[in-house]
Every structure is written in structure tokens, then in C-alpha cells.
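*Asks:* sequence first, predicted model second:
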Amino acid sequence: MDINNLKEKIKNGYVIKREEAIEVYNSDYESLTAAADELREYFCGNDFDVCTIINAKSGKCSENCKFCAQSAHYHTNVKEYDLLDEEIIVKDALDKYKRGIPRYSMVASGKGLTPKDIDKICSITKKIYEEAPDIKVCISGGIISEESFEKLKEAGITRIHNNLETSRNFFPEICTTHTYDQKIDTIKAAQEAGMEICSGGLIGLGEDFTDRIDMALELRDLDVHSVPINLLNPIKNTPLENNEPLTMEEVNRTCATFRFIMPKALIRLAGGRSLMEEFGASAFKSGANAAISGVLLTTKGISIEDDMKRIKELNYQVKAV
């Protein structure tokens, strides 16, 4: 494959096929990452979307996702608590905002949010905007109805997060308590309510690289703008505790191939970045242009101050895109 010829075709609007994406992934490493970086700059410039999250509701999840410390099916000793008080979340959001983070997401454990949770999150969101009108507030709350999405949007939530996790083919190997189609239906319900979508998945679950490609193609079909790529951080007492993390080359090949498939998207390094060399700096020159910064859910994150310094050194400009 002539990777540079394909790159130029994509600049002119060409949409690559699955067979081409497989060739892209397996192409010369240096040529691939350089071409992906060029596509990123061509379509996205040097804007860098950085967000932070809070574990707003922790543990006791009914779902059996094999990678997750918060599943009630595994004995991981994770902290368990219901939706945090408004004062705690608002204070945290404002602290992150004052430290330069333009996007803030509340992440709630569980299959879905209760009507009471939805109302509380709406109240919290309105309070955050009273204090910081320019911030962008997001929510990750599992399977939610279109009616609830409409309420969240009215309160000011701009984007919802719902990972596909992996390919349709591999998903039953990871979770059996809900379906791939339930996730897709949730994403479509949010879109019907007029919301932006953040959806990606984990790599290193034991999937083949073609599963990652199939997930990316599904995300492209769903017109997803923000695509988190999580590197599995194996959690003790989960079924995947003995998985070996992927190499940095595999991470970068994945980011680069996603850039070829979705040239205009935000390719966001998310969980597992603490396992990466230089916290993923090379991925930000291989097609990735967004990140989650600060404390994560149950695993180690990267300090906001270190991230801001690193982003500047890479000649990016922080912006909520």
C-alpha cells in the first residue's frame, strides 16, 4: 500500500474501506504514524480537546464487563457510594476548570441512571454553569432513554459518553448482561435528543486488531465525534487481571488507523495512559489529539499540570472542540 497516496485521497474526501484499514494498520510504522499526524493537522489543526472526569457514582454495578473494577460480579474492593452530593461535584468541576480544563464529565456506575439520579444531575449541571458559564459538561450514565437525554440537554449537558468497548463480534466475550445493540440504541437516542456523542472502547482485552478496526468503522457509521481509546489496565480479581498491556507501537498503530478511518474525529487517549511511555506522548504524534486528564475512576491518572505542560510542548492548543 502507498500510505501517502491514500492519505492524499482522504484529504480530498475519500472514505476508506475495511480491507484498506487492515492494510493501513499493517503498513510501515514510521510512514503510518507520520501520515496520521499529517491528517490530524490537516483536518483538526493543533486544537487539543482535554477533559476530566469524576467518579460520581461508584461500584455496585449489575453488569459483568470483564475489565471493570466496579462490577458487583467481582471482588475488587472498589469504593461503593451513590451519586455524590451536589456541593462535592460542583466544587470539583470548578477546581478543574480553574486549572485549565474546559470539559468536565460526571461518570456514574451502573447499567443506567434512575429518574432521581437524572433530576439530581440536571440540578448539579445548572449549578456548575452558574459558576462557570464557559465550561462544557458531559455525562456517562449507561443506558438512558431519549426522554431523559432531553432533560439532560435542557439542563446544559452538551455531550454523552457511552463506549461500544470493542467490536460487535468480540463484545459477547466481554459482557453478557447487556447487548451491543442496547449501546447503539442509547447513542441514537442521545443523537435524537440533539446531543454530541463520545464513544470508543478498550484495547488489550484479548481482541484482534481487526476488532478495533470494526469498532472504528461502527463509530464512523454512527457519526461519533469524540473517540476515547482506553488501554486495558488489568484489575486484580477481574477475569482480565492477567492480560498483558499492549505495546506502545500497538497503541500508536491503533490511533493512526482510527485517524485514517475517522479523519475529523477527536481521538482521545483515556484510561490506561499511565501505562504508556511518556504518558502517550508519541500517540499525540500518531493521530491522537485529545485526552482525559487528572484522576480517573479506579486507576491512576495523569496530573493536570503535567498534562498542560506536555500539551504545550507538543505545540497543541487546549480547546473544547
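*Replies:* Okay, I see it.

*Asks:* list the helices and strands the helix or strand that contains I187 packs on?
*Replies:* When secondary structure is defined using DSSP states H and E, the element that contains I187 is helix 180-192. Contact here means 3 or more Cβ pairs under 8 Å, 6 or more residues apart in numbering; DSSP states H and E; on that basis helix 180-192 packs against helix 146-155, strand 196-198. The C-beta positions use only the backbone N, C-alpha and C, and glycine is treated the same way.

*Asks:* so which of those is nearest F171?
*Replies:* Minimum separation from F171 across these (Cβ to Cβ) falls at strand 196-198, 17.9 Å.

*Asks:* out of the helices and strands packed on helix 180-192, deepest packed?
*Replies:* Each of those was assessed for mean neighbour count using mean count of other Cβ atoms under 10 Å. The highest is strand 196-198, with a mean of 22.

*Asks:* so who does the residue most central in space within the chain touch?
*Replies:* A centroid search over the chain (Cα atoms, centre = their mean) returns P228, at 2.4 Å, as the residue closest to the centre. Contacts were defined as Cβ atoms under 8 Å, 6 or more residues apart in numbering; by that measure P228 touches H161, N163, C198, S199, G200, G201, R268, L269, A270, G271, I292.

*Asks:* dump the residues you listed to CSV, plus pLDDT and secondary structure.
*Replies:* Listed next are the contacts of P228 as CSV, based on pLDDT from 0 to 100; DSSP: H, G, I helix; E, B strand; the rest coil:
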residue, pLDDT, secondary structure
H161, 96, strand
N163, 97, coil
C198, 97, strand
S199, 98, coil
G200, 98, coil
G201, 97, strand
R268, 97, strand
L269, 95, strand
A270, 93, coil
G271, 88, coil
I292, 93, strand
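
*Asks:* one step back: how near is the residue nearest to the centre of the chain to R268?
*Replies:* In this structure, P228 and R268 are 5 Å apart, going by Cβ to Cβ, to the nearest Å.

*Asks:* so what sits against both of the two?
*Replies:* C198, G200, I292.

*Asks:* mind listing the residues bridging to the residue nearest to G271 when sequence neighbours are not counted?
*Replies:* Distance criterion Cβ to Cβ, 6 or more residues apart in numbering; nearest residue to G271, sequence neighbours excluded, is N230 at 4.0 Å. Each beta-bridge partner of N230 is listed here: L202, as defined by DSSP bridges.

*Asks:* could I get the helices and strands packed on helix 180-192 as TSV with distance to I304?
*Replies:* Supplementary listing: these in TSV, determined by distance: least, Cβ to Cβ, whole Å:
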stretch	distance to I304
helix 146-155	25
strand 196-198	19
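
*Asks:* quick revisit: now, among the shared contacts of P228 and R268, which is nearest to E8?
*Replies:* Closest approach to E8 among the shared contacts of P228 and R268 (Cβ to Cβ): G200, at 26.7 Å.

*Asks:* got the contact list for the closest one?
*Replies:* Shown in contact with G200 (Cβ under 8 Å, 6+ apart): N163, L164, M215, L219, V224, S226, V227, P228, I229, N230, R268, A270.

*Asks:* next one: it from N162, what distance?
*Replies:* The gap separating G200 from N162 is 10 Å, by Cβ to Cβ.

*Asks:* circling back to that earlier point, nearest approach to I10 belongs to which of the helices and strands packed on helix 180-192?
*Replies:* With Cβ to Cβ as the yardstick, what comes closest out of the helices and strands packed on helix 180-192 is strand 196-198 (21.9 Å).

*Asks:* helices and strands around the closest one, which ones?
*Replies:* Going by 3+ Cβ pairs under 8 Å, 6+ apart, strand 196-198 lies up against strand 157-161, helix 180-192, strand 226-231.

*Asks:* please identify the buried residues of the longest one?
*Replies:* When you say that, I think you mean helix 180-192. Neighbour counts using 16 or more other Cβ atoms under 10 Å place Y180, K183, I184, T186, I187, A189, A190, Q191 of helix 180-192 among the buried residues.

*Asks:* pretty sure the first one contacts L164?
*Replies:* Just to be clear, that refers to Y180. Yes. At 7.0 Å, Y180 counts as touching L164 under the criterion of Cβ atoms under 8 Å.
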